[in-house]
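> predicted model, plus sequence, below.
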Amino acid sequence: SIAVGIAAILVSHNLSRAVLHWTLLSVSLLNCLLSTACSVGLALAIALTVHSRGMHLVRGCDSSALPADARAAIATNDCPFNTTRIYDTALALWFPSMMLAAAEAVLSGRCCLVALIFRGIGPCARSYGKEQV
């Protein structure tokens, strides 16, 4: 995302440099794909966690003392990690991360579209060229 921002700033100051247009296009397309994959992965993790009521989060605990709900207090020392509030903490971190990754994907997609327009490719390219003339 930082590389896309730097490339966008460089393109805005050097509109006639084709190398910068192609750099912005490639970096923003790659970031858009990665951010979309991250958003989808986080959405899947949230859905699986909510569906299983958090039991996937405590899967490393091999104990019969585990409750049916991961939000309940776990009174066992068989877990290699502290299970206190793991369900709430995971969801509290995953929701904002998913939203930020989705925002990155949208902004990178817009940068990709701008790079295509600067190169004369796409539906808006012809009108942009006429405006510049």
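Nice, thanks for sending it over.

> going forward, measure contacts and count neighbours with C-alpha atoms only.
OK.

> pick out the residue nearest the middle of the protein.
Closest residue to the average C-alpha location of the chain: residue 101 at 2.5 Å, with CA atoms, centre = their mean.

> could you say which helix or strand holds that one?
Element membership for residue 101, per DSSP states H and E: helix 86-118.

> packing partners of that helix?
helix 2-13, helix 18-51, helix 125-132 (3 or more CA pairs under 8 Å, 6 or more residues apart in numbering; DSSP states H and E).

> 7 Å - rerun?
Packed against helix 86-118, as judged by 3 or more CA pairs under 7 Å, 6 or more residues apart in numbering; DSSP states H and E, are the following elements: helix 18-51.

> mean confidence (pLDDT) on the helix it packs on, please.
The average pLDDT for helix 18-51 rounds to 90.

> just the buried positions in that helix, please.
20-25, 27-32, 34-36, 38-39, 42-43, 45-46, 49 (16 or more other CA atoms under 10 Å).

> next one: stretch 2-9
For stretch 2-9, burial by neighbour count (16+ other CA under 10 Å) applies to 4-5, 7-8.

> of all those residues, which comes closest to residue 56?
residue 4 (35.5 Å; CA to CA).

> and the closest one, what does it touch?
By CA atoms under 7 Å, 6 or more residues apart in numbering, the residues touching residue 4 are 24, 27-28.

> do you know how far it is from residue 21?
Distance check for residue 4 against residue 21: by CA to CA, to the nearest Å, it reads 11 Å.
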